[in-house]
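Peer 1: Take a look and give me a structure for this.
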Amino acid sequence: MYDELTQKDIEKMEAEIEHRKLVVRKQALEDVKTARAFGDLSENFEYKAAKQFKNENESRIRYLEKMVRTAKIISEESPEDEVGMNNTVEVYFEEEGETETYKVVTTVRSNSLKNLISRESPLGKAIFGHKVGDRCEVKVNEDVSYYVQIKRIENTVDDGSDALRKF
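Peer 2: Numbers count the residues shown, from 1 in each chain. Predicted coordinates for the structure are as follows:
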């Protein structure tokens, strides 16, 4: 199994890996040493917290390295009149009679609270590659689906402001 990532996703991950290895790892090790010097490790909260932070950092490094190693690089390019990566799309939900605006991103940047939807999400799959005016069926599962209409496509680009998800 692989994740579809853009070259910018890979670059952002590699930068985070480097920062975590050169800066965060050094600080985490120093914090563990300092906390260990406080004495009795069985009741030393600072030591436990420092160890936990160190372990979380190492886990994040491994996660990012695996993502980079196993990723399938996809293009951010798309025709100007079609929904593509990093495009902001205004979508009309027929059943609710409401319009929402979403940005289509890769899975590592998706954040439903900020209306960043993954290209692999049901809505992302349904609208990807479609044009303004298209009516698309969003299949949630085999039994549930709904229809949306694409009202507007804004050809936005990846400016680096969409953060990577933690895990």
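
Peer 1: Check which helices and strands the lengthiest strand in the chain is in contact with.
Peer 2: The longest strand of the chain (DSSP state E) is strand 145-154. When contacts are defined as 3 or more CB pairs under 8 Å, 6 or more residues apart in numbering; DSSP states H and E, strand 145-154 sits against strand 88-93, helix 122-127, strand 135-139. C-beta coordinates here come from the backbone N, C-alpha and C atoms, glycine included.

Peer 1: Most tightly packed of these?
Peer 2: Ranked by mean neighbour count, the helices and strands packed on strand 145-154 are led by helix 122-127 with a mean of 20 (mean count of other CB atoms under 10 Å).

Peer 1: Buried residues, the longest strand of the chain. List them.
Peer 2: Buried residues in strand 145-154, counted by 16 or more other CB atoms under 10 Å: 146, 148-150, 153.

Peer 1: what's the distance between Thr99 and Gly129?
Peer 2: When distance is defined by CB to CB, to the nearest Å, Thr99 is 20 Å away from Gly129.

Peer 1: Can you get me a residue count around the closest residue to Glu120 other than its chain neighbours?
Peer 2: Using CB to CB, 6 or more residues apart in numbering and skipping residues adjacent in sequence, the residue nearest Glu120 is Thr107, 5.7 Å away. For Thr107, the neighbour count with other CB atoms under 10 Å is 17.

Peer 1: per-residue pLDDT, Thr107?
Peer 2: As predicted, Thr107 sits at a pLDDT of 89.

Peer 1: Same question for Met1.
Peer 2: With respect to pLDDT, Met1 has a value of 58.

Peer 1: isn't Lys51 right up against Val32?
Peer 2: Yes. In this structure, Lys51 is within contact of Val32 by CB atoms under 8 Å, at 5.9 Å.

Peer 1: Show me what counts as buried in the top helix by length along the chain.
Peer 2: Longest helix in the chain by number of residues (criterion: DSSP state H): helix 45-70. Neighbour counts over helix 45-70 (16+ other CB under 10 Å) mark 47, 50-51, 54, 57, 60-61, 64, 67-68 as buried.

Peer 1: for that helix, the distance to its chain's centre please.
Peer 2: 18 Å (CA atoms, centre = their mean, to the nearest Å).

Peer 1: Okay, now the sheet partners of the helix or strand following that helix, with direction.
Peer 2: The element immediately downstream of helix 45-70 (helix or strand, assigned by DSSP states H and E) is strand 72-73. Here strand 72-73 has these sheet partners by DSSP bridges: strand 4-5 (parallel).

Peer 1: is it true that Thr156 lies in a strand?
Peer 2: No. Going by DSSP: H, G, I helix; E, B strand; the rest coil, the assignment for Thr156 is coil, not a strand.
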